[in-house]
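Undergrad: My questions concern the predicted model and sequence given below.
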Amino acid sequence: MSHPFRIGVISDTHGLLRPEALAVFAGVDAILHAGDVGNIEILDALQAIAPVTAIRGNVDIDGPCAALPATEFVTLAAKNFYLIHNLRDLDLKPEGASIDVVISGHTHQPLAQARSGVLYFNPGSAGPRRFELPVCLGFITVDGSNIESSIENLL
């Protein structure tokens, strides 16, 4: 019996990686960063915990973060994930492209919504607090054919 595959999902760090994020990601099998990294050292710190797949966001216009891809397709635990920073830029039909989960960021608002058999997941923002929005990140757990998601507030 294999153990559930646990994925840490983070977005909109904007150059700030909180120690709380590192602590709650301890033990995950993989990490997905949905853009607006802000500082490449954030990805290095996350890579020390688990393999990282990251994309750039609209603030990642200079330095190494600007070289990150705008979108990424990755298969983890036999499930297909598509990362895009701003969901409004989605120019494909995930259900027709064998995508199980669409990961996005940008809005700083957490979201977990199933549509047409696809999970749309935004972990919210783990970086500097904006407005009255929560500072949070997320988890996706794959256990066989089952996909579950959760949001964890950091502050």
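TA: Here it is on my side, so go on.
Undergrad: What is the helix or strand hosting Gly8 packed up against?
TA: Assigned by DSSP states H and E, Gly8 belongs to strand 5-10. The contact analysis (3 or more CB pairs under 8 Å, 6 or more residues apart in numbering; DSSP states H and E) places strand 5-10 against helix 19-25, strand 30-33, strand 136-143. Placement of C-beta: from N, CA and C, glycine included.
Undergrad: what are the ranges of the strands in the protein?
TA: 5-10, 30-33, 52-54, 71-76, 79-84, 101-103, 111-115, 118-122, 136-143, 146-153 (DSSP state E).
Undergrad: just to revisit the earlier point, neighbouring strands of the strand holding Gly8 in the sheet, and parallel or not?
TA: strand 30-33 (parallel), strand 136-143 (antiparallel) (DSSP bridges).
Undergrad: measure His108 to Ala26 for me?
TA: His108 sits 24 Å away from Ala26, going by CB to CB, to the nearest Å.
Undergrad: the more surrounded of the two?
TA: Just comparing His108 and Ala26: by other CB atoms under 10 Å the higher neighbour count belongs to His108, 23 against 9.
Undergrad: what is the closest residue to that one other than its chain neighbours paired to in the beta sheet?
TA: Excluding its sequence neighbours, the residue lying closest to His108 (CB to CB, 6 or more residues apart in numbering) is Ser125, at 3.9 Å. Assessed by DSSP bridges, Ser125 has beta-bridge partners Val135.
Undergrad: who's in contact with Ser125?
TA: For Ser125, the contact set (CB atoms under 8 Å, 6 or more residues apart in numbering) comprises Ser11, Asp12, Thr13, His14, Gly105, His108, Leu133, Pro134, Val135, Cys136.
Undergrad: Pick out the lowest-pLDDT one from these.
TA: Of all those, Leu133 has the smallest pLDDT value, namely 91.
Undergrad: any low-confidence regions in the protein?
TA: The chain contains residues with pLDDT under 70 at 1.
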